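Sharing a model that was predicted from the sequence below.
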Amino acid sequence: MLLRTGFHRRSITQGIMINHRGSIQDSRGAAGFADRATASKTSTTTLADGRSQFARHGADRIHYVTVGEGKHTFVLVHGWACNLGFWREQIAALADNARLVLIDLPGHGRSDKPQADYTMDFFAGAVLAVLADAKVEKATFIGHSMGKAVICRVFKQAPEKVAALVSVDGLLRRPLGSPGQTEAMVAQFRSPHYREVAKGFVRSFFPIPGTEALRDEVTAEVLKTPQNVMASAMAGMLNEKQPDWDLKQVNVPVMVLNAKGSLWDADYESYVRALSPQAEYRLFEDTGHWLMLERPAEFNAALTELLRKYDLMEK
């Protein structure tokens, strides 16, 4: 399939991808997918009920939305070429029991899109700027795909801010590969044909029949991301000259929620379980990379169960 490479640990495309679902127009009105009804909702709260705000990260404005109330805070970080609206299926399941902070990473959604190197540390710095602006002292961080690399870098920069880490279909360690493989991957997103490359990239993550409409919606959202952001963020994830995001021993709960596939093997499960005495590892059947959108009821049930197990969410 397109972009399958010889990287070790896990196929590079499987290790780094995307999220989905819409963007915010203002604090009360949602665009894209944010206002659609879902089977997974446990309340009527939606992303449109949130408050749209901006934090400063250097000269750049970082867009974020807060919604919900509670003594616990969850920070949700989207993946490559996406935006905060991709968490829309989780809002109703979480917002009645916690404060949610959903972030548009720099270069994405309504955040500024500077000419910059979009490294994982650049993204992590933006997340920390949002935490300061939103007056968040400590939170559970939930990252999908590339978002998990970002939250791992947040943990390395400011571990005191992290109550728990939740990785959704993403690697907790950088995939290994040669500089030539990395450059070949990134070069495709620098080419004049990058839109076709991105379409194929997204398509490869929808193996389940009947998800074509969702696939097309995800593709449309991904293609809104500027080309330079796509290429630079991809390089920021894979370039061995950048700091890795590999977790080692961790003193907080670590939860992994992945779509079942041959690349999530016994070695990776063993690695996850050895990270923390409070490690959890769940695999979901019959879903692709966007499990929180393809199987939202099942995903939300598992997520809330684990959060409550570790007293990270009101019971």
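It's in.

Please enumerate the strands of the stretch 51-200 of the chain.
In the stretch 51-200 of the chain, the strands defined using DSSP state E, counting those that start in this stretch lie at 51-57, 60-67, 73-77, 99-103, 139-144, 162-168.

of all those strands, which lies closest to Glu217?
strand 139-144 (15.8 Å; C-beta to C-beta). C-betas here are computed from N, CA, C, even on glycine.

re the thing from before, how about the strands of the stretch 51-200 of the chain, which one is nearest Pro296?
strand 162-168 (11.9 Å).

before we move on, back to that, can you lay out the strands of the stretch 51-200 of the chain as JSON lines showing mean pLDDT?
Compiled in JSON lines, those are given as follows (pLDDT from 0 to 100):
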{"stretch": "strand 51-57", "mean pLDDT": "98"}
{"stretch": "strand 60-67", "mean pLDDT": "98"}
{"stretch": "strand 73-77", "mean pLDDT": "98"}
{"stretch": "strand 99-103", "mean pLDDT": "98"}
{"stretch": "strand 139-144", "mean pLDDT": "98"}
{"stretch": "strand 162-168", "mean pLDDT": "98"}
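
okay, those in a markdown table with mean neighbour count and distance to His289 next?
Formatted as a markdown table, the strands of the stretch 51-200 of the chain follow (neighbours: other C-beta atoms under 10 Å; distance: least, C-beta to C-beta, whole Å):
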| stretch | mean neighbour count | distance to His289 |
| --- | --- | --- |
| strand 51-57 | 18 | 27 |
| strand 60-67 | 23 | 23 |
| strand 73-77 | 27 | 16 |
| strand 99-103 | 26 | 19 |
| strand 139-144 | 26 | 9 |
| strand 162-168 | 24 | 9 |
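
Reformat the ones you listed as JSON lines; add distance to Phe284.
Shown next, in JSON lines, are those (distance: least, C-beta to C-beta, whole Å):
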{"stretch": "strand 51-57", "distance to Phe284": "31"}
{"stretch": "strand 60-67", "distance to Phe284": "25"}
{"stretch": "strand 73-77", "distance to Phe284": "18"}
{"stretch": "strand 99-103", "distance to Phe284": "22"}
{"stretch": "strand 139-144", "distance to Phe284": "13"}
{"stretch": "strand 162-168", "distance to Phe284": "10"}
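
among the ones you listed, which is nearest Ala184?
Closest among the strands of the stretch 51-200 of the chain, using C-beta to C-beta: strand 139-144, at 24.9 Å.

What is the closest one packed up against?
If you count contacts as 3 or more C-beta pairs under 8 Å, 6 or more residues apart in numbering; DSSP states H and E, strand 139-144 packs onto strand 73-77, helix 146-157, strand 162-168.

Relative to that strand, what are the paired strands and their orientations?
Its sheet considered, strand 139-144 pairs with strand 73-77 (parallel), strand 162-168 (parallel) by DSSP bridges.

Could you pull up the contacting residues of the closest residue to Ala139 other than its chain neighbours?
Leaving out its chain neighbours, the residue that sits closest to Ala139 by C-beta to C-beta, 6 or more residues apart in numbering is Thr73, at 4.1 Å. Residues in contact with Thr73 (C-beta atoms under 8 Å, 6 or more residues apart in numbering) are 98-101, 136, 138-140.

From Phe141, how far out is Thr73?
10 Å (C-beta to C-beta, to the nearest Å).

same deal with His72?
12 Å.

Mind listing the shared neighbours of the two?
What both His72 and Phe141 touch, as defined by C-beta under 8 Å, 6+ apart, is an empty set.

Am I right that Asp169 is in contact with His289?
Yes. Taking C-beta atoms under 8 Å as the definition, Asp169 is a contact partner of His289 at 5.3 Å.
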